[in-house]
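Engineer: Take a look and give me a structure for this.
(one chain, ligands or ions: 2)
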Amino acid sequence: MHAYAGISIVNAIPSWYGSSGAVGLKVKAEIEETKEREKEKESSLIREILDFFESKWDIPHLRVNVESEVPQGSGLKSSSAVSVAIIEEIYRRYNIEYLDPPKLSAILSIKAGVSFTGALDDASSSYYGGISFTNNKRFEIIEMREPPDGVSIVILRKGNRTNVNLKLLTKFSLTFSEIFKIARSCPLKAMSLNGFLVAEVLGYPKEPIEMAMKKGALAAGISGNGPSYFAVTKEGDEGPIYDLFKKFGEPIITRFVKVEGHN
Ligand SMILES: Nc1ncnc2c1ncn2[C@@H]1O[C@H](COP(=O)(O)OP(=O)(O)OP(=O)(O)O)[C@@H](O)[C@H]1O
Ligand SMILES: O=C(O)C1=C[C@@H](O)[C@@H](O)[C@H](O)C1
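Structural biologist: Ligands and ions are numbered 1, 2, ... in the order given. Just a heads-up that it's a prediction; the model follows:
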């Protein structure tokens, strides 16, 4: 099964309220049965998911193959996409019905230590497409919404996040919960506010965001906990932002993904 990478509208770490938009970069996961698992080759997240299923259901040992269009440690929701895709594959293959894949992904991501809040916002957009609004503390999807039409997204993919002090974000919980309220009526505005604040607090350069806005982007920011940047433009207006981002790395142009639903 494939799931989607995503960009942040509101980072949930400070206030537990999060919002994420699915984009057309895919993460595919396939499972195959194996005699022995090679646990030392599994990422902590994959190990947690396989251990969970083996402990609860009588299923064979599995090996997971992941093909991803986004690098790990990029802030582009790779971990949530990998986990919802594996969970869905296992459900389908062994006819298991349990929690919705995004909810189970959130629980197992916390257990695996790869997420603070479980990132239900990321997992929901990754699995269903569209834009998610979630309360991660309550494992609650508040709303799944269609993304805006007629826009393109230019992403500056950067991987291998180095140590950033995510605890600093929690000092700004009130501001982020206000940004979440703004996101409910104006996701594009919230993306930029979130992006500026995340960059400021975590110490990422704000230049790519500021310059993208000056060049006419509708929104720009940092995704997740960084280090990837993105900008939203009117369809057809990507050129100047693409050229700008090219100065900082290898940009890619994509679109929001509409709500597809797997249910
Ligand atoms: N392609 C992958 N294959 C296997 N495991 C992965 C993959 N991507 C992520 N993971 C697992 O998820 C963990 C966290 O991933 P990562 O730091 O990439 O999160 P992210 O989703 O990019 O970040 P953010 O939450 O800021 O968007 C990794 O340490 C690894 O255990
Ligand atoms: O670890 C987490 O809980 C999160 C990480 C980032 O992707 C955030 O964007 C997300 O909202 C929550």
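Engineer: how about stretch 216-224 as CSV, C-alpha atoms only?
Structural biologist: Backbone C-alpha positions of stretch 216-224 (Å, rounded to 0.1, in the frame of the first residue of the first chain) are rendered in CSV as follows:
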residue,chain,number,x,y,z
GLY,A,216,4.7,36.1,-4.1
ALA,A,217,4.2,32.7,-2.4
LEU,A,218,0.8,32.2,-0.9
ALA,A,219,2.4,30.5,2.1
ALA,A,220,5.8,29.2,3.1
GLY,A,221,7.3,27.4,6.1
ILE,A,222,9.2,24.6,7.7
SER,A,223,7.6,21.2,7.7
GLY,A,224,7.4,19.1,10.9
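Engineer: How about that stretch and ligand 1, touching?
Structural biologist: Yes - for stretch 216-224, a contact with ligand 1 is found by CB under 6 Å from any ligand atom, at Gly224. Every C-beta, even on glycine, is put in place using the N, C-alpha and C of the backbone.
Engineer: Is that stretch positioned near ligand 2?
Structural biologist: Yes - with CB under 6 Å from any ligand atom as the criterion, ligand 2 is reached by stretch 216-224 at Gly224.
Engineer: do you know how far Asp100 is from Ile7?
Structural biologist: Using CB to CB, to the nearest Å, we find Asp100 at a distance of 22 Å from Ile7.
Engineer: Who has more neighbours out of those two?
Structural biologist: Ranked by neighbour count (other CB atoms under 10 Å), Asp100 and Ile7 place Ile7 first, with 31 against 21.
Engineer: didn't Ala81 look like it was pressed against Ala22?
Structural biologist: No - using CB atoms under 8 Å, Ala81 is not in contact with Ala22; the gap is 9.0 Å.
Engineer: Overlap of the contact sets of those two?
Structural biologist: Between them, Ala81 and Ala22 share these contacting residues under CB atoms under 8 Å, 6 or more residues apart in numbering: 4-6, 126.
Engineer: now, which of the residues you listed sits nearest Arg255?
Structural biologist: Tyr4 (10.8 Å; CB to CB).
Engineer: Run the chain-centre distance for stretch 67-79.
Structural biologist: 8 Å (CA atoms, centre = their mean, to the nearest Å).
Engineer: Flag every buried residue along it.
Structural biologist: Using 16 or more other CB atoms under 10 Å as the test for burial, stretch 67-79 gives 68-71, 73-79.
Engineer: I'd like the mean pLDDT over it, please.
Structural biologist: Mean per-residue pLDDT for stretch 67-79: 92.
Engineer: which residues are contacting that stretch?
Structural biologist: Outside stretch 67-79, the residues within contact range by CB under 8 Å, 6+ apart are 4-8, 20, 23, 25-29, 45, 81-82, 109, 114-115, 119, 122, 125-126, 155, 157-161, 222-228.
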